Structures are given as structure tokens and as C-alpha cells.
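Enquirer: Fold the following and give me the result.
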Amino acid sequence: MQPELGFDRDAAQRYFLAPISYRTVILAKNLAGFAFLLLELFAIFLVMLGLRLPLQPQQFLEAMAVTFVLGLFLVSIGNAGSTLYPRPVDPSQSWRSSSAGRFHTLLLLFYPLASIPILVAYGARYVLSANQSSLAPFAFYAVLLMGVGVGYALYQAVLDFAATRAERDREKIVAALSASAGPVAA
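Expert: Numbers count the residues shown, from 1 in each chain. Down below sits the predicted model:
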């Protein structure tokens with residue numbers, strides 16, 4: 001989940017010209033992203049119900065928890081990417097990559113790191129289940145809760161970094177988001 005600042009170039013420029021703080025804008029953007037993520041989960045849930053696939057309520061809760069933990073980490077890297085590598089996005093060419101190659105490389109490194117709390121949670125549940133411990137579900141959610149704590153701390157740190165950087169590099173970001181696609185991209 002990588003939120004892009006530059007989808008609507010005019011709106012992105014207004015973000016920097018309006019009296020609203022960049023921190024508020026990025027919080028709103030992240031909230032919208034999580035709302036769509038939640039809608040996607042519910043859509044999958046409804047499809048599974050429609051297909052009459054076996055689904056327990058705890059499986060849905062688990063999917064929501066895992067998605068939320070991973071989402072916290074991915075939104076953090078998206079917030080950093082929006083200010084470190086601002087790129088306009090052309091809605092008519094949504095299949096083309098609009099992010100810098102360096103940012104894609106950074107994402108390749110970040111995905112495995114963002115998955116560590118989830119892997120540890122599943123590992124804890126597996127080990128405790130193998131030992132027939134009744135604490136297996138508790139351990140799973142306890143580790144995920146610790147992942148939420150780490151993800152939230154990272155989110156706050158990156159949010160502060162992104163807001164500070166956006167204020168400092170305001171003109172550079174507006175110029176990058178205002179750039180036209182050029183004849184090669186057409």
C-alpha cells in the first residue's frame with residue numbers, strides 16, 4: 001500500500017499552498033488508504049460467503065489484524081517515499097510505473113522487514129500449537145500487538161520526518177509534481 005501524493009497534480013500543488021499542515025494532509029491520506037483496505041477485506045469476506053467457502057470469524061479477525069500490522073509498515077514507507085521521491089502520476093497511464101527506481105529497490109528491501117512481526121506471530125502460534133499449548137492463539141495476537149506498537153512508533157517517526165521534509169522541500173516537491181510527462185512518456 002503505497003499512497004501517492006501526485007495522483008492529481010493540481011490537488012497535490014494545492015496541498016502545499018493551502019493553510020492546512022502537511023501532517024494533517026498525510027494523516028487524511030493514510031486514513032483514506034486504510035478505509036479502502038478495510039473495504040477490500042470486507043469484499044473478500046463477502047465473496048467467500050457467496051462462494052460458500054468455509055470461513056470462521058476468527059479467521060476474518062486474523063486477516064484484519066495481519067493486514068493492519070502490515071499496512072502500518074507499508075503506509076510508513078509510502079509516506080517517506082512521497083516526500084523523498086515525489087513523482088506525478090498520470091491517471092490515463094495508471095499501469096506505468098511512476099515511482100523512482102530507487103524507491104522500488106527500497107520497497108524490495110522493506111517488504112521482508114515489514115513482514116517480520118507477522119512471521120514471528122505465526123511462528124509463535126506454530127511452536128505453541130505443536131506443543132499443544134492453549135496459549136497459541138493468545139501468543140499470536142500478543143506478538144501482533146507488539147508489531148502494532150513497533151509499526152505505530154515507526155509510523156509516527158516517519159510521519160514527523162515526512163512532514164518536516166515536505167515543509168523544507170516544498171518548492172522542490174511542487175516542481176516535481178508539476179512536471180509534465182514529456183514526449184517520451186506519451
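Enquirer: Which residue is the nearest non-sequential neighbour of residue 48?
Expert: Spatially, and ignoring its direct neighbours in sequence, residue 48 is nearest to residue 55 (5.0 Å; CB to CB, 6 or more residues apart in numbering). For glycine as for every other residue, the C-beta is placed from the backbone atoms N, C-alpha and C.
Enquirer: per-residue pLDDT, the one you found?
Expert: On pLDDT, residue 55 comes in at 82.
Enquirer: Just the helices from the chain, written as ranges.
Expert: 9-17, 22-50, 57-84, 101-130, 136-168, 170-178, 182-185 (DSSP state H).
Enquirer: Of those helices, which stretch is the most buried?
Expert: Among the helices of the chain, helix 57-84 has the highest mean neighbour count (mean count of other CB atoms under 10 Å), at a mean of 19.
Enquirer: Tell me how far that one lies from the chain's centre.
Expert: 5 Å (CA atoms, centre = their mean, to the nearest Å).
Enquirer: Which strands or helices does it pack on?
Expert: Contacts defined by 3 or more CB pairs under 8 Å, 6 or more residues apart in numbering; DSSP states H and E place helix 57-84 against helix 22-50, helix 101-130, helix 136-168.
Enquirer: The shortest one versus helix 170-178: what angle between them?
Expert: Think helix 22-50. An angle of 40 degrees separates the directions of helix 22-50 and helix 170-178 when computed by axes from the mean of the first three to the mean of the last three CA atoms, to 10 degrees.
Enquirer: Please state the offset of helix 22-50 from the chain centre?
Expert: Centre-to-centre, helix 22-50 and its host chain are 10 Å apart (CA atoms, centre = their mean).
Enquirer: Quick check: pLDDT value at the residue nearest the centre of the chain.
Expert: Note on the chain: the residue nearest the mean C-alpha position is residue 75, at 2.7 Å, using CA atoms, centre = their mean. pLDDT for residue 75: 92.
Enquirer: Next: the one 4 residues further on.
Expert: pLDDT, the model's per-residue confidence, is 90 for residue 79.
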